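J.: fold the following.
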Amino acid sequence: MYAAYALALIGRREEAVKVFDEVTAALGNTPYGSISGFLGRALQLDEEGAVRHVTPQLEQAAHWVEYLGWFLADGYALIGRRDDALRWLREAVERGFINYPYLSKHDPFLESLHDDADFEELMRQVRRRWQAFEA
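T.: Take a look at the predicted model:
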């Protein structure tokens, strides 16, 4: 799943979709199988197909695991579902995903949110937490 995500990040979307499909086939309706199916369809801008993969089990896992919420935010942003993208991004941030530089500037899948006032406000909160973080 992470290899597929990395492929997508470097612009090799067709390869990423193939790997996401393999993970989905292998893992079925588990959270990782579902998020793989979701992201694979989102990369193809297939809103209906993507949303079909968002299961109650995936949503529950995303409430506990910050990067699953972030992946949901990415996929929803890709398919133009702003409110869902922001809801899951907030969830990821609440769970501790506060990599301000990445979220605000470098995550290409969140690009459609960059001019959104709610996204900008969330990024101000993330920036404060990022700057206050002590490793």
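
J.: next one, pLDDT for the nearest residue to residue 99 once chain neighbours are set aside please.
T.: Leaving aside its chain neighbours, residue 99 sits nearest to residue 130 (7.0 Å; criterion: CB to CB, 6 or more residues apart in numbering). Every C-beta, even on glycine, is put in place using the N, C-alpha and C of the backbone. Per-residue pLDDT puts residue 130 at 96.

J.: contacting residues around the helix or strand where residue 26 lies?
T.: Using DSSP states H and E, residue 26 maps to helix 13-27. Contact with helix 13-27 is made by 1, 3-5, 7-8, 32-34, 36-37, 39-40, 43-44, 53, as judged by CB atoms under 8 Å, 6 or more residues apart in numbering.

J.: do you know how far the residue nearest to residue 99 is from residue 123?
T.: As for residue 130, its distance to residue 123 is 10 Å (criterion: CB to CB, to the nearest Å).

J.: shared neighbours of these two, which are they?
T.: Common neighbours of residue 130 and residue 123, counting by CB under 8 Å, 6+ apart, are residue 100.

J.: out of the two, which sits in the busier spot?
T.: Legend: neighbour count by other CB atoms under 10 Å for residue 130 and residue 123, higher for residue 123 (21 against 16).

J.: leaving out chain neighbours, which residue sits closest to the more buried one?
T.: Sequence neighbours aside, residue 104 is the residue nearest to residue 123 in space, at 4.6 Å (criterion: CB to CB, 6+ apart).

J.: show me what contacts the one you found?
T.: Residues in contact with residue 104 (CB under 8 Å, 6+ apart) are 123, 126-127.

J.: correct me, but residue 93 touches residue 127?
T.: No: using CB atoms under 8 Å, residue 93 makes no contact with residue 127, being 11.0 Å away.

J.: many thanks, I have nothing further to ask.
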